[in-house]
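Enquirer: just the structure for this:
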Amino acid sequence: MSTATTTHDAHHEEHPSGLMRWVTTTNHKDIGTLYLLFSLLMFMVGGAMAMVIRAELFEPGLQFVEPQFFNSMTTMHALIMIFGAVMPAFVGLANWLIPMMIGAPDMALPRMNNWSFWILPFAFAILLSTLFMEGGAPAGGWTMYPPLVMQTGNAFPFLIFSVHLMGISSIMGAINVIVTIVNMRAPGMTMMKMPLFVWTWLITAYLLIATMPVLAGAVTMLLTDRFFDTSFFNAAGGGDPVMFQHIFWFFGHPEVYILILPAFGIVSQIIPTFARKPLFGYSSMVYATASIAFLSFIVWAHHMFTVGMPLTGELFFMYATMLIAVPTGVKVFNWVSTMWRGAMTFETPMLFAIGFVIMFTIGGFSGLMLAMAPVDFQYHDTYFVVAHFHYVLVTGAVFAIMGACYYWIPKWTGHMYNEKLGKLHFWLSTISVNILFFPQHFLGLAGMPRRIPDYSVQFAGFNEISSIGGFAFGLTQLLFVYIVFQTIKGGEKATDQVWEGAHGLEWTLPSPPPYHSFSTAPEVK
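Expert: The predicted model follows:
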């Protein structure tokens, strides 16, 4: 009897249930789920902050919030969306999918995996706690430029500490991804046979390891300037505030590629499935991703054309930036070529993937405009920049993440999501997101500065349209939350071959096309 009890207890210790299962888990699927749910929560928090911004900008004049609080909202919205919503969502997808895609039993470093997740809720609790501190939440912009960020009050050291925690989490996640992919591929799974999602994450992980310590250095220097009388960025003590911009953007530019490369991988998985065709130009996609990652390190100062750098510097950063359009164009060409003459169907994941290709390209073109130094003097720090990066990060990264959720949630839960509601979510999101961000191009070209709570009356019309689009987009995401939780709870059972007529294609199709097979589209019975 006693022996049975002890073995029973030992068994219980081994597999805790309930809450402890989630706190102590080292299972890559559990941790992936935690990341994705945390990301969804932060997406809603960051979205609520964006709603405050759009409510204030609905008409000229100061309506709802103090200018200081408005600046806190723009700062917090960016930090939460980047480090709390988009990055954890990609890490969650990596946790779920990479081991399955390369035939590994789990991630290489399961305990570190657990730790890198559980740092995040504490990091964001610290960041959000600044809203209740004397002097208010950080209001120096997510770029934390000195000397502005030094006036943040009591929140300042908490901001720096939370950024350090986010960075530690990211670095650990990246190490885990690299070790898993390099060491744990199944026999026969060579590098050039890996699904594109795995490739984009491998490259992203190297970007994370290279750039996160740079951000850590920059914010640590800010901290010592504020509390230990150093003068890294203090002009009065012989420092240079522009140096901070160089260091920050050396992290910040690769960071924006960290936020988009995994999205390229997702779209490269979804499009071949619903086009019923292998991905066109697999190896060129791998090389294009690597080229983008390499180039991202030598273009940082295009964020700084207006600081007064030498003409030679402006020319170099202008040409280097425009060069990134080449590998990006290769990718867009390959996605379109994959769809060309394919037997396409338009389930929700495919709608998000096609929406991604079209709207991400709009963001790419506005980025090409911003890359040109002479005209950037007109665009810099206006709403044109805001429109540009939201086309890349919302209709780019966020749409890809949503597409991925619809695409893989049958595999994660065993249940099929509601297709009608999924399509409704896509169309409402697409229409509202364009009403939200497209008018901002015109506002920027007309000269409306960003991060300002009030504006001149000639900008009222487009701001009103933009805010209406913003509220519509925000409300639509409640539908997404409903669809996700309805699917997790139950729903019709997912079959082995989730996507009708795809012959189980989505999880068995080799990424590199068999020799010469892409010249004809496979027949669909």
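Enquirer: please count neighbours and contacts with C-alpha atoms only from this point.
Expert: Will do.
Enquirer: figure out how far the lengthiest helix in the chain is from the centre of its chain.
Expert: What stands out as the longest helix in the chain, according to DSSP state H, is helix 196-227. Centre-to-centre, helix 196-227 and its host chain are 15 Å apart (C-alpha atoms, centre = their mean, to the nearest Å).
Enquirer: same check on stretch 441-460?
Expert: Remark: stretch 441-460 is offset 26 Å from the chain centroid, using C-alpha atoms, centre = their mean.
Enquirer: helices of the stretch 251-400 of the chain, start to end?
Expert: With helices called from DSSP state H, counting those that start in this stretch, the stretch 251-400 of the chain shows them at 261-275, 282-295, 311-323, 325-339, 348-370, 373-379, 383-392, 399-413.
Enquirer: now do the last one: everything it contacts.
Expert: Residues outside helix 399-413 that contact it (C-alpha atoms under 8 Å, 6 or more residues apart in numbering) are 89-90, 263-264, 266-267, 270, 348-353, 355-356, 415-417, 422, 487-488, 494, 498.
Enquirer: which SSE is immediately downstream of that helix?
Expert: For helix 399-413, the succeeding helix or strand toward the C-terminus, using DSSP states H and E, is helix 419-445.
Enquirer: what angle separates that following helix from helix 399-413?
Expert: Helix 419-445 and helix 399-413 are oriented at 160 degrees to each other (axes from the mean of the first three to the mean of the last three C-alpha atoms, to 10 degrees).
Enquirer: quick one: buried residues of the longest helix of the chain?
Expert: 196-216, 218-223, 225-226 (16 or more other C-alpha atoms under 10 Å).
Enquirer: ok, stretch 85-103 next?
Expert: Those would be 85-102, for stretch 85-103 by 16+ other C-alpha under 10 Å.
Enquirer: stretch 38-50 now?
Expert: Across stretch 38-50, burial judged by 16+ other C-alpha under 10 Å covers 38-40, 42-50.
Enquirer: pLDDT score assigned to G490?
Expert: The score at G490 is 85. That number is its pLDDT.
Enquirer: got the phi/psi numbers for it?
Expert: The phi/psi pair for G490 (degrees, to the nearest 10) reads phi 160, psi -170.
Enquirer: roughly how far does it sit from W412?
Expert: For G490, the distance to W412 equals 12 Å [C-alpha to C-alpha, to the nearest Å].
Enquirer: who has more neighbours, these two?
Expert: More crowded of G490 and W412, by other C-alpha atoms under 10 Å: W412, with 16 against 13.
Enquirer: wait, F70 sits on I53?
Expert: Yes - counting by C-alpha atoms under 8 Å, I53 is a contact partner of F70 at 6.6 Å.
Enquirer: what about those two, which has more around it?
Expert: Neighbours per residue, other C-alpha under 10 Å: of F70 and I53, the larger number sits with I53, 25 against 22.
Enquirer: hmm, back to that, which other helices and strands does the longest helix of the chain contact?
Expert: Counting contacts by 3 or more C-alpha pairs under 8 Å, 6 or more residues apart in numbering; DSSP states H and E, helix 196-227 is packed against helix 87-102, helix 155-183, helix 241-258, helix 261-275, helix 282-295.
Enquirer: give me the angle between the last one and helix 261-275.
Expert: So that's helix 282-295. Using the same axes, to 10 degrees: helix 282-295 against helix 261-275 is 160 degrees.
Enquirer: what residues of helix 282-295 count as buried?
Expert: Result for helix 282-295 [16+ other C-alpha under 10 Å]: buried residues 282-283, 285-286, 288-293, 295.
Enquirer: could I get the residues you listed as TSV with distance to V256 and pLDDT?
Expert: Shown next, in TSV, are those (distance: C-alpha to C-alpha, whole Å; pLDDT from 0 to 100):
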residue	distance to V256	pLDDT
Y282	23	94
S283	23	95
M285	19	97
V286	18	97
A288	16	98
T289	14	97
A290	15	97
S291	15	98
I292	11	98
A293	10	97
L295	12	97
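Enquirer: between the residues you listed, which is closest to G239?
Expert: Set against G239, the nearest of the buried residues of helix 282-295 by C-alpha to C-alpha is L295 (29.0 Å).
Enquirer: run through the residues that contact that closest one.
Expert: Applying C-alpha under 8 Å, 6+ apart to L295 gives the contacts 320-321, 324.
Enquirer: what distance do you get for it to H388?
Expert: L295 sits 19 Å away from H388, taking C-alpha to C-alpha as the criterion.
Enquirer: show me what stretch 231-249 is in contact with.
Expert: Contacts to stretch 231-249, defined as C-alpha under 8 Å, 6+ apart, come from residues 143, 145-147, 214-215, 218, 221-222, 225, 230, 300-301, 303-304, 307.
Enquirer: show me which of those is closest to W118.
Expert: The nearest member of those to W118, counting by C-alpha to C-alpha, is L215 at 21.0 Å.
Enquirer: isn't the closest one right up against E255?
Expert: No - distance between L215 and E255: 10.0 Å, which falls outside the contact criterion (C-alpha under 8 Å).
Enquirer: run through the stretch 51-200 of the chain and note the low-pLDDT ranges.
Expert: Regions of the stretch 51-200 of the chain meeting the criterion pLDDT under 70 are absent.
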